[in-house]
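Student: predicted coordinates and the sequence they were generated for:
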Amino acid sequence: MSTSLLTPDETTTVRWNAVILYDQFRSGRVAKALLDRVASQGGTPDDPEINLWRFDVMQESIVADEALEKARDAQIVFLAAQGAEEPPEWLIHWLEEWASQRNVENALLAAWCGEHSGGELPKGIGSLRQLAGKHGVDFLCADEPLRREVDGSWSTA
């Protein structure tokens with residue numbers, strides 16, 4: 001079903017799952033591998049429940065609705081779009097619905113854009129970050145470089 005992760009007090013576990021929305025087979029495969037790695041290195045006993053949904057299939061309303069139903073209970077919604085500059089308008093609308101209807105308080109919206117042009121972040125990252133902030137969802141861009149802060153924590157550059 002889903003994986004157990006340690007909570008901050010490290011005495012109890014919580015079940016988690018993820019939804020991956022991807023544009024190409026390779027993007028979906030990379031995102032799945034990243035989440036599998038998180039699960040295996042996190043000391044979790046079970047495999048996570050990871051649902052994958054390809055962009056072109058999600059343009060069918062019945063499929064988009066099914067993906068939204070799964071995503072409502074997901075701790076992670078992971079967008080994997082290789083080389084994409086901006087998310088399509090229908091995807092932004094879908095993410096707005098997910099963010100406003102989610103059942104998970106501490107959800108994470110993550111993005112990986114693969115080999116985007118010029119080494120700079122795609123323009124759409126800003127709109128995804130804004131969407132996440134508007135709905136109180138954490139945001140992580142796997143393409144952003146991290147820097148160590150004075151207090152030892154990590155933040156985006």
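Tutor: Cool, the structure landed.
Student: just the element for the residue nearest the centre of the chain, please.
Tutor: Centroid-nearest residue in the chain, with C-alpha atoms, centre = their mean: Phe78, separated by 2.1 Å. Here Phe78 is covered by strand 76-80, with elements defined by DSSP states H and E.
Student: what is that strand packed up against?
Tutor: The criterion is 3 or more C-beta pairs under 8 Å, 6 or more residues apart in numbering; DSSP states H and E, and the helices and strands that strand 76-80 contacts are strand 13-22, helix 25-41, helix 89-101, strand 108-112. Any C-beta I mention is one placed from the backbone N, CA and C, and that applies to glycine too.
Student: again, 7 Å this time
Tutor: strand 13-22, helix 25-41, strand 108-112 (3 or more C-beta pairs under 7 Å, 6 or more residues apart in numbering; DSSP states H and E).
Student: just how off-centre is it within its chain?
Tutor: 2 Å (C-alpha atoms, centre = their mean, to the nearest Å).
Student: may I have it as CSV, with CA atoms only?
Tutor: In CSV, the C-alpha atoms belonging to strand 76-80 read as follows (Å, rounded to 0.1, in the frame of the first residue of the first chain):
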residue,chain,number,x,y,z
ILE,A,76,3.8,14.4,-2.5
VAL,A,77,2.6,15.5,-5.9
PHE,A,78,5.7,15.4,-8.2
LEU,A,79,5.7,17.0,-11.6
ALA,A,80,8.3,15.6,-14.0
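Student: tell me what angle that strand forms with strand 13-22.
Tutor: For strand 76-80 against strand 13-22, the angle by axes from the mean of the first three to the mean of the last three C-alpha atoms, to 10 degrees is 20 degrees.
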